[in-house]
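Participant: Give the three-dimensional model of this entry:
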Amino acid sequence: MKLSRRNFIVTAFLGVFGLIYLDAFWFEKYIIRWNEFDNSESDIEKIKLIQLSDLHLTAIKSFHKSMADRINKELPDAMLITGDAITRNHRIELLNSFLDLIDIRIPIIAILGNKEYSGRVDLKMLSTVYEAHNGILLVNETKVLQKSNRKINIIGIDDFLGGMPNVIKATQNIDKGLDSIFLSHCPIYKEEIDRLSCILHIKPKLILAGHTHGGQITFFGIPIFKPFGSGKYLRGWYSDNGSKMYVSNGIGTTILPFRFGARASAEIFYF
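Facilitator: Modelled structure (predicted):
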């Protein structure tokens with residue numbers, strides 16, 4: 001049957017709308033993009049790290065299980081959770097269930113995001129959950145990660161919006177001869193990390209952040225909204241003032257339950 005011009009336009013519109021809907025509510029939200037970056041300076045004793053940011057857990061779904069399977073297959077030297085794992089106190093058990101899926105041999109190093117603070121999450125309970133899964137919650141603290149004869153500092157900074165970030169406290173008594181990786185939920189805090197690192201004679205190897213969701217909804221790479229705490233940063237690599245920062249798109253969503261032009265991502269780094 002031959003379509004009239006009007007019916008053709010309506011059919012085409014519905015088809016395009018359907019593709020956009022499928023992309024925004026399924027593909028970009030649930031099909032995780034795995035980005036790999038090799039920042040190592042040699043092939044000897046590389047340290048592999050996986051970054052997960054902004055999980056915003058509301059339920060454990062099939063894509064969380066697939067993501068855990070990939071993490072277990074990669075068997076990194078540590079998994080880094082850069083804030084906003086949960087947004088409400090009653091979701092601590094969801095985080096526990098997700099971490100149950102992760103191989104216990106993988107150390108977990110986590111920091112807080114603004115949502116843990118605004119959701120009034122019990123930080124003692126949260127810390128206990130991480131500890132039960134071979135993990136640690138860093139709040140202006142440093143964890144020395146060791147692989148064979150190699151060590152690096154993982155420096156966890158408190159959240160810029162809800163907490164009290166303190167680089168001086170976090171780096172007191174650290175070995176400045178080791179490479180240092182900073183974890184900071186809000187990317188805008190990079191500028192303060194750079195300023196204080198210069199004063200303290202610490203050269204960050206890398207700063208890892210999240211918070212922005214890559215814009216979550218963007219058109220031609222331009223976000224319709226960026227949360228306070230993003231600053232001039234959106235996603236990907238930034239290199240200025242002598243330090244490098246990577247801003248992850250993260251996993252979950254907030255306010256609106258979909259993504260467009262900002263596919264969910266997890267990152268694998270080699271050092």
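Participant: what does stretch 52-59 rub up against?
Facilitator: Stretch 52-59 is contacted by residues 64, 67, 79-87, 91, 94-95, 98, 113, 115, 185, 208-211, 213, 248-254, 266 when judged by C-beta atoms under 8 Å, 6 or more residues apart in numbering. All C-beta atoms are positioned from the backbone trio N, CA, C, and that covers glycine.
Participant: Return the members of those residues classed as buried.
Facilitator: The neighbour count (16 or more other C-beta atoms under 10 Å) marks 64, 67, 79-87, 91, 94-95, 98, 113, 115, 185, 208-211, 213, 248-253, 266 as buried among the contacts of stretch 52-59.
Participant: What distance do you get for Leu95 to Leu49?
Facilitator: Applying C-beta to C-beta, to the nearest Å, the value for Leu95 to Leu49 is 20 Å.
Participant: Asn39 now?
Facilitator: Distance from Asn39 to Leu49, by C-beta to C-beta: 10 Å.
Participant: For the two, indicate the residue with more neighbours.
Facilitator: Higher neighbour count among Asn39 and Leu49: Leu49, with 23 against 16, using other C-beta atoms under 10 Å.
Participant: Across the sheet, point out what pairs with the residue lying closest to the more buried one once chain neighbours are set aside.
Facilitator: Leaving out its chain neighbours, the residue that sits closest to Leu49 by C-beta to C-beta, 6 or more residues apart in numbering is Phe269, at 4.7 Å. Following DSSP bridges, Phe269 is listed with bridge partners Phe37, Leu49.
Participant: What pLDDT is listed against Phe269?
Facilitator: For Phe269, the model assigns a pLDDT of 98.
Participant: could you list every residue that touches Ile81?
Facilitator: 52-53, 55, 108-111.
Participant: can you list the residues you listed in CSV and add secondary structure, pLDDT and distance to Arg120?
Facilitator: Output for the contacts of Ile81, formatted as CSV (DSSP: H, G, I helix; E, B strand; the rest coil; pLDDT from 0 to 100; distance: C-beta to C-beta, whole Å):
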residue, secondary structure, pLDDT, distance to Arg120
Leu52, strand, 98, 22
Ser53, coil, 98, 21
Leu55, coil, 98, 18
Ile108, strand, 98, 23
Ile109, strand, 98, 23
Ala110, strand, 98, 18
Ile111, strand, 98, 17
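Participant: In the protein, which residue is most central in space?
Facilitator: Ser53 (2.0 Å; C-alpha atoms, centre = their mean).
Participant: From Thr212, how far out is that residue?
Facilitator: Distance, Ser53 to Thr212, using C-beta to C-beta: 9 Å.
Participant: joint contacts of these two?
Facilitator: Listed as contacting both Ser53 and Thr212 by C-beta under 8 Å, 6+ apart are 249-250.
Participant: follow-up on the earlier one: from the contacts of stretch 52-59, which ones fall inside strands?
Facilitator: Using DSSP state E, the subset of the contacts of stretch 52-59 located in strands is 79-82, 208-209, 266.
Participant: re earlier: just the buried ones among the contacts of Ile81, please.
Facilitator: For the contacts of Ile81, a burial check counting by 16+ other C-beta under 10 Å picks out 52-53, 55, 108-111.
Participant: Just put the residues you listed in CSV and tack on distance to Phe220.
Facilitator: CSV is the format used below for those (distance: C-beta to C-beta, whole Å):
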residue, distance to Phe220
Leu52, 28
Ser53, 24
Leu55, 28
Ile108, 37
Ile109, 36
Ala110, 34
Ile111, 32
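Participant: Tell me the bridge partners for the residue nearest to Ile111 when sequence neighbours are not counted.
Facilitator: The shortest distance from Ile111 to any non-neighbouring residue, by C-beta to C-beta, 6+ apart, is to Gly156 (4.3 Å). Gly156 forms beta bridges with Glu141, Leu183, as assigned by DSSP bridges.
Participant: List the contacts of the residue nearest to Leu49.
Facilitator: Phe269 neighbours (C-beta under 8 Å, 6+ apart): 36-37, 39, 48-51, 206, 208, 246.
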